[in-house]
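K.L.:
What shape does this take:
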Amino acid sequence: MSEALKIQVRLTGGPAGIPPVLEIDPSVLPDGCLKIRFAAGYEHFRLVQQDGAAPEVTPVFAWADRTRIAE
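P.N.:
Numbers count the residues shown, from 1 in each chain. Below is the predicted model:
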């Protein structure tokens, strides 16, 4: 069985403590949005740059919003 394909993405903005580069499963990117659980909520990032013709280019996501986890 092969390991799930991961891609590297770059994040800009958002709170300190979130790494600027992540390896993620591309299936978690619906409509160019990325949601990362962080502290007591989720940080939302939107795709701002991707070159489909050049797979070596790392997609860039910019911080867009924060939501809290209900307790």
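
K.L.:
mean confidence for stretch 41-57?
P.N.:
Stretch 41-57 shows a mean pLDDT of 76.

K.L.:
list the contacts for the closest residue to P20 other than its chain neighbours?
P.N.:
Spatially, and ignoring its direct neighbours in sequence, P20 is nearest to L11 (5.7 Å; C-beta to C-beta, 6 or more residues apart in numbering). Backbone N, C-alpha and C define where each C-beta goes, glycine included. Remark: with contacts taken as C-beta atoms under 8 Å, 6 or more residues apart in numbering, L11 is in contact with I18, P19, P20, V21, L22, L34, F45, V60, F61, A62, W63.

K.L.:
Run through the bridge partners of L11.
P.N.:
F61 (DSSP bridges).

K.L.:
in the protein, which segments are predicted with low confidence?
P.N.:
1-3, 49-56, 71 (pLDDT under 70).

K.L.:
who touches the residue nearest to the spatial centre of it in this structure?
P.N.:
By C-alpha atoms, centre = their mean, the mean C-alpha position of the chain lies nearest to L34, the distance being 4.2 Å. Counting by C-beta under 8 Å, 6+ apart, L34 touches V9, L11, I24, V28, H44, F45, R46, L47, F61.
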